[in-house]
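> Sequence first, then the predicted structure, then my questions.
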Amino acid sequence: MTTDVKHLPETKTREKGFRTKTFTLNMGPQHPSTHGVLRLLLELDGEEVIHCQPHVGYLHRAMEKLAEEKTFHQFVPYTDRLDYLSPFHNNTTFMLAVEKLCGITAPPRAQYIRTIGCELARISNHLLGIGTWALDLGAMTVFFLMFREREIIYNLFEMLTGARMMTSFQRVGGTAFDMTPEIAKAVRNFLAYMPDKIDDYEDLLTKNRIWIQRTRGIGVLTADQAVALSLTGPNLRASGVNWDLRKTMPYMVYDKFDFDIPLGENGDIYDRYTVRIEEMRQSLRIIRQALDGLPEGPYQIPDPKISLPTKDKVYGSMEELIHHFKIVCEGVAAPPGEIYFAAENPKGELGFYIVGDGTSRAYRCHIRSPSLISLRALPEIAEGRLIADLVACLGSIDIVLGECDR
Amino acid sequence: MGVWFVVNRRRGKGYARMGLEKEVLSRILTTKLDFALKWARKNSVWPMPMGISCCAIEMMAVAASRYDMARFGAEVLRFSPRQADMMITAGTLVHKMAPVVKQIYEQMPEPKWVIAMGTCLCTGGMFHSYSTVQGLDQVIPVDVYVPGCPPRPENLLSALQHIQDLISSDEPPSKARSAHEAQWELSKVFEDKLARVRALRQGRVVKSAGRDLELAETLQGDGSLVPAAAPVGVRVARVKGGSVDLAGNRFTRDWKFTPKDRS
């Protein structure tokens, strides 16, 4: 089913001896298919993309600089806005990095709640990623169906964290709130509801002739190329490389769950789609196991120097009042040192490199954003293609500019 | 059956005599042209989704299944500014993006309305950093501000209804709008980019001092701008480490910028 690009009509006219002049096209930063404010500088020969240069920085909000003046708790809301399609996962990754710097581990119940939230965030991210991608290729129904399910996930997040989108749920040494039985029941309802819906998306896309013709054999990246480009996440796994940090370097409680890592065969953008669809099913499996195994116990480390004391203790005890005051005013101090922690975000490996200087602020915080690195793959897969394929390729690498520009 | 508008209908004697008056009035609504135009315009707003960052996702949620902006007649999202009459600006505006947004706003045909969605576009919000524009109204005029980070979809729908009220009201183009355009002109006198960025920021000072700041131009009753007859003092833009006047000359001053000084 692969299409050979070398024999497109434009190329044929050139072979006949016509000389055409290339021209430069500026795609973005305001363009519906650029997924935000990405600007692509394209050199075109007819409709064929000869050269593609992404320009970033239209959403540079100085996140890393802001991280230096905010305490770890204050920086959690900023991590929401990094990858705003899966804010819960960003919170968790950042907080796991801070906990690694502090040398503490959150209690098991918090780890399980985090896992459930992270996998919900992964589903919601893939829903939007595939939905907008299909919209770019002309399949509007998928977008509406996927947003219907996203609203349900938003409702679950709202029950759990109090916010639809920007959850800001993690604290040093645990989560902000506990997961009540009502929320667990709502998540279980979602687990029962969702698999049919994923089948619906597959009915609309997987065997769809137009979708297959637009995606099969296009934007192929071999495993070697993908590794050389430092790709991570679904983009890497679509090329057949079995690398998922949840399996290869297990963090939180992922080593306790039974789930599979979907892999692609051809590395084309159709495989990137199927990998994401299958990841949603695996996420549902993980959530079910996490709900079944949700342990009792505290959801924050019961250490007054790390977690806020409860209100009755604050009102009743002088010491607890002092602890409360110090945590609120100064934050949780981390020892001097530097760490790098990465987790498997829906878009790939999101890493935080934090240098601590003994205070509750980072001396330096570098963010390894998967979107920026995935974007580097775009010229590789889009050059030599038609401009319509460029849109399909851009949708397939699933970038978000908030994280890319930071 | 739709409603028909008959403009400037003149009552003829014949209608009454033939008993058609009642029959006709039961099917036809008489109105003013102006009202009919506003009614049509208000219920068929074509938004231009200027999605920059996070809020754009909530804006998409408004357009999608559950919240369904089509209920308010605004479902025709046009990504081309030339086909739109309302810009929903959603996200954080940074200095690199600001001229783009300004240009897209200018490409929209009149009359046009702007929604600033999200705290970032209202005041700069949590991104008080070197790269972020502290509010959309430093670049283009804004009609409705929607605070929230991000605002809930209901808030955006409420903002849309505010815009519809604005359209159907008799308000002329707001004074703030003209004043902001003058501010932008002011920023053009600075040649170097840095000064221009700083001039962008001076809108913040103007805003806190009040929207009726005296400018080189004065606003007429019909909404047009004319140059002031006599100089009303030195036009200054406050920048870091001093001030610049209209000609771009830097000077420092030690007095405070208060409303009293401007009179």
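Nice, thanks for sending it over.
> Tell me, how many residues neighbour the closest residue in space to B:Glu75 that isn't next to it in sequence?
The shortest distance from B:Glu75 to any non-neighbouring residue, by C-beta to C-beta, 6 or more residues apart in numbering or on different chains, is to B:Met69 (5.4 Å). C-beta here means a position set from N, CA and C on the backbone, and glycine is covered the same way. When neighbours are counted by other C-beta atoms under 10 Å in any protein chain shown, B:Met69 registers 22.
> these two touch, right, A:Met166 and A:Asp80?
Yes. If you go by C-beta atoms under 8 Å, A:Met166 and A:Asp80 touch, sitting 4.2 Å apart.
> Show me which residues of chain B are close to chain A?
B:50-54, B:56-58, B:60-61, B:64-66, B:79, B:91-92, B:94, B:96-97, B:100-101, B:104, B:126-127, B:129-132, B:149-150, B:152 (C-beta under 8 Å from any C-beta of the partner chain).
> residue boundaries of the strands in the stretch 51-200 of chain A?
With strands called from DSSP state E, counting those that start in this stretch, the stretch 51-200 of chain A shows them at A:170-171, A:174-175.
> packing partners for the last one?
Where contact means 3 or more C-beta pairs under 8 Å, 6 or more residues apart in numbering or on different chains; DSSP states H and E, strand A:174-175 is packed against helix A:108-136.
> Now do the helix it packs on: distance to the chain's middle.
Offset of helix A:108-136 from its chain centre (C-alpha atoms, centre = their mean, to the nearest Å): 8 Å.
> Mind giving me the packing neighbours of that helix?
helix A:87-102, helix A:140-161, strand A:174-175, helix A:181-205, helix A:269-292, helix A:387-397.
> What is the burial count for residue 106?
Since no chain was named, I'll use chain A. A:Ala106 is flanked by 27 other residues according to other C-beta under 10 Å.
> not quite, I wanted chain B
By other C-beta under 10 Å, 12 other residues sit near B:Glu106.
> that older thread, okay, and the common contacts of A:Met166 and A:Asp80?
Taking C-beta atoms under 8 Å, 6 or more residues apart in numbering or on different chains as the criterion, A:Met166 and A:Asp80 both touch A:Pro87, B:Cys54.
> ok, back up a step: among the residues of chain B next to chain A, which are in strands?
Residues of the residues of chain B next to chain A located in strands (DSSP state E): B:Met50, B:Gly51.
> ok, of the residues of chain B next to chain A, which come out buried?
B:50-54, B:56-58, B:60-61, B:64, B:91-92, B:94, B:96-97, B:100-101, B:104, B:126-127, B:129, B:131-132, B:149-150, B:152 (16 or more other C-beta atoms under 10 Å in any protein chain shown).
> A:Trp243 is in contact with A:Leu263, correct?
No. Using C-beta under 8 Å, A:Leu263 is not in contact with A:Trp243; the gap is 9.7 Å.
> okay, and the common contacts of those two?
A:Arg237.
> want to try TSV for the strands of the stretch 51-200 of chain A, with mean pLDDT as columns?
TSV is the format used below for the strands of the stretch 51-200 of chain A (pLDDT from 0 to 100):
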stretch	mean pLDDT
strand A:170-171	90
strand A:174-175	90
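> Helix or strand for A:Lys326, just tell me which one.
For A:Lys326, the host element (DSSP states H and E) is helix A:318-330.
> rewinding a little: I'd like the distance between the residue nearest to B:Glu75 and B:Met117.
13 Å (C-beta to C-beta, to the nearest Å).
> Likewise for A:His55?
25 Å.
> who has more neighbours, those two?
Remark: of A:His55 and B:Met117, B:Met117 carries more neighbours, 32 against 15, as counted by other C-beta under 10 Å.
> Mind listing the residues bridging to the more buried one?
Taking DSSP bridges as the rule, B:Met117 bridges to B:Ala90, B:Val146.
> helices or strands next to the helix holding A:Lys326 in the packing?
Partner elements for helix A:318-330 (3+ C-beta pairs under 8 Å, 6+ apart): helix A:311-316.
> which helices and strands does the helix it packs on pack with?
Under the contact criterion of 3+ C-beta pairs under 8 Å, 6+ apart, helix A:311-316 touches helix A:318-330.
> what does the helix it packs on contact?
With contacts defined as C-beta under 8 Å, 6+ apart, helix A:318-330 is touched by A:Thr71, A:Pro304, A:Lys305, A:Ile306, A:Ser307, A:Leu308, A:Pro309, A:Lys313, A:Val314, A:Tyr315, A:Ser360.
> Could you rerun that using 7 Å?
Residues from elsewhere that reach helix A:318-330, judged by C-beta atoms under 7 Å, 6 or more residues apart in numbering or on different chains: A:Pro304, A:Lys305, A:Leu308, A:Pro309, A:Lys313, A:Val314, A:Ser360.
> now swap in stretch A:186-203 and tell me
Applying C-beta under 7 Å, 6+ apart, the contact partners of stretch A:186-203 are A:116, A:142, A:145-146, A:149, A:152, A:156, A:159, A:277, A:280-281, A:284, A:287-288, A:291.
> all strands for chain B, in order.
B:4-7, B:28-31, B:47-51, B:86-90, B:113-117, B:144-146, B:217-219, B:225-227, B:236-239, B:242-245, B:250-251.
> between those strands, which gets the lowest average pLDDT?
Set side by side, those give their lowest mean pLDDT on strand B:236-239, at a mean of 42.
> Residue numbers of chain A in contact with chain B?
A:29-30, A:32, A:36-37, A:57-62, A:65-66, A:77, A:81, A:84-85, A:144, A:147-148, A:151, A:164-166, A:401-402 (C-beta under 7 Å from any C-beta of the partner chain).
> ok, 8 Å please
Residues of chain A lying near chain B (C-beta under 8 Å from any C-beta): A:29-32, A:36-37, A:57-62, A:65-66, A:77-78, A:80-81, A:84-85, A:128, A:132, A:143-145, A:147-148, A:150-151, A:154, A:164-166, A:401-402.
> returning to what we had before: put together TSV for the strands of the stretch 51-200 of chain A, with mean neighbour count on each row.
Output for those, formatted as TSV (neighbours: other C-beta atoms under 10 Å in any protein chain shown):
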stretch	mean neighbour count
strand A:170-171	28
strand A:174-175	26
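> Residue of the stretch 101-250 of chain B closest to chain A, please.
Going by C-beta to the nearest C-beta, chain A is nearest to B:Ser129 of the stretch 101-250 of chain B, at 3.6 Å.
> Could you give the backbone dihedrals for the residue lying closest to that residue once chain neighbours are set aside?
Distance criterion C-beta to C-beta, 6+ apart; nearest residue to B:Ser129, sequence neighbours excluded, is A:Ala62 at 3.6 Å. Per-residue torsions, A:Ala62: phi 60, psi 40 (degrees, to the nearest 10).
> My read is that A:Ala62 contacts B:Met126, right?
No. The criterion here is C-beta under 8 Å, and A:Ala62 misses it with B:Met126 at 11.4 Å.
> residue in the stretch 301-406 of chain A nearest to chain B?
For the stretch 301-406 of chain A, C-beta to the nearest C-beta, closest residue to chain B: A:Gly402, 5.1 Å.
> Next up, the contacts around that residue.
By C-beta under 8 Å, 6+ apart, the contact list for A:Gly402 reads A:Gly36, A:Leu59, A:Arg61, A:Arg81, A:Leu82, A:Asp83, A:Tyr84, B:Ser53, B:Cys54.
> what's the closest of these to A:Gly173?
Nearest to A:Gly173 among these: A:Leu82, at 21.7 Å, using C-beta to C-beta.
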